[in-house]
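A structural model of the following input is requested.
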Amino acid sequence: MSAWTALSLEQMHELAHALGRACRGDELILLRGEMGAGKTTFTRALGEGLRLRAPGEVCSPTYTVCMTHEGPLPLVHLDLFRLGDMGEGAPVRGGAFEALGLAYDALPPPGSVLVVEWSELWEDPPADRLELALRRPAENPAVRALEARATGPRHADLLARWAPPDLSR
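Numbers count the residues shown, from 1 in each chain. Prediction:
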């Protein structure tokens, strides 16, 4: 596990950008964090690292649920927030993905990077994934804290390749 505390927004951007550069395709990145923690901002910076055609167009897919952004490694950006409203925060199961026309058992689509916001609502995500938890410390909401944990060999390799920039400045 890796952890950073007291990150400025610029430092968080640098970390996300570096993670995007470390991706090779077929990654599953699950984001957790309260409203305003920076999940979408992180995803946009990750898209810059992936060299998306239009990384500035990465925005919260809360109402569209799923957005795909083109690039050498496409970014599939999924937001489960509204799906959790289907039953008092009930976990999202395979049927919810199928109802959206998403191939639940084929996530992430081959060669892409799948980022899932509000991933804690996904009842049974694939076993091999990278979990990122973002939070705004109550004592200083201008900064962010980030924890990263890989749960399988493919994403442990991604975590090892992720060469975060020197944030000591």
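
ranges for the helices of this protein?
Under the criterion DSSP state H, the chain contains helices at 9-22, 39-49, 81-84, 94-99, 153-161.

Now mean pLDDT and mean neighbour count too, for those helices, in JSON lines please.
Heads up, the C-betas are built off the backbone N, CA and C, glycines and all. Below are those laid out as JSON lines (pLDDT from 0 to 100; neighbours: other C-beta atoms under 10 Å):
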{"stretch": "helix 9-22", "mean pLDDT": "94", "mean neighbour count": "20"}
{"stretch": "helix 39-49", "mean pLDDT": "92", "mean neighbour count": "23"}
{"stretch": "helix 81-84", "mean pLDDT": "67", "mean neighbour count": "17"}
{"stretch": "helix 94-99", "mean pLDDT": "56", "mean neighbour count": "14"}
{"stretch": "helix 153-161", "mean pLDDT": "95", "mean neighbour count": "15"}
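
Figure out which of the ones you listed is closest to residue 69.
Of all those, it is helix 39-49 that lies closest to residue 69, at 6.0 Å by C-beta to C-beta.

Centre of the chain to the closest one, how far?
8 Å (C-alpha atoms, centre = their mean, to the nearest Å).

With stretch 11-31 instead?
8 Å.

Could I get the contacting residues of the most centrally placed residue in the chain?
The chain has residue 115 as the residue nearest its centroid, 3.8 Å off, counting by C-alpha atoms, centre = their mean. Taking C-beta atoms under 8 Å, 6 or more residues apart in numbering as the criterion, residue 115 is in contact with 29, 31, 43, 46, 75-78.

just curious, which of those residues is nearest to residue 157?
So of these, ranked by how close each gets to residue 157 (C-beta to C-beta), first place is residue 29, at 13.7 Å.
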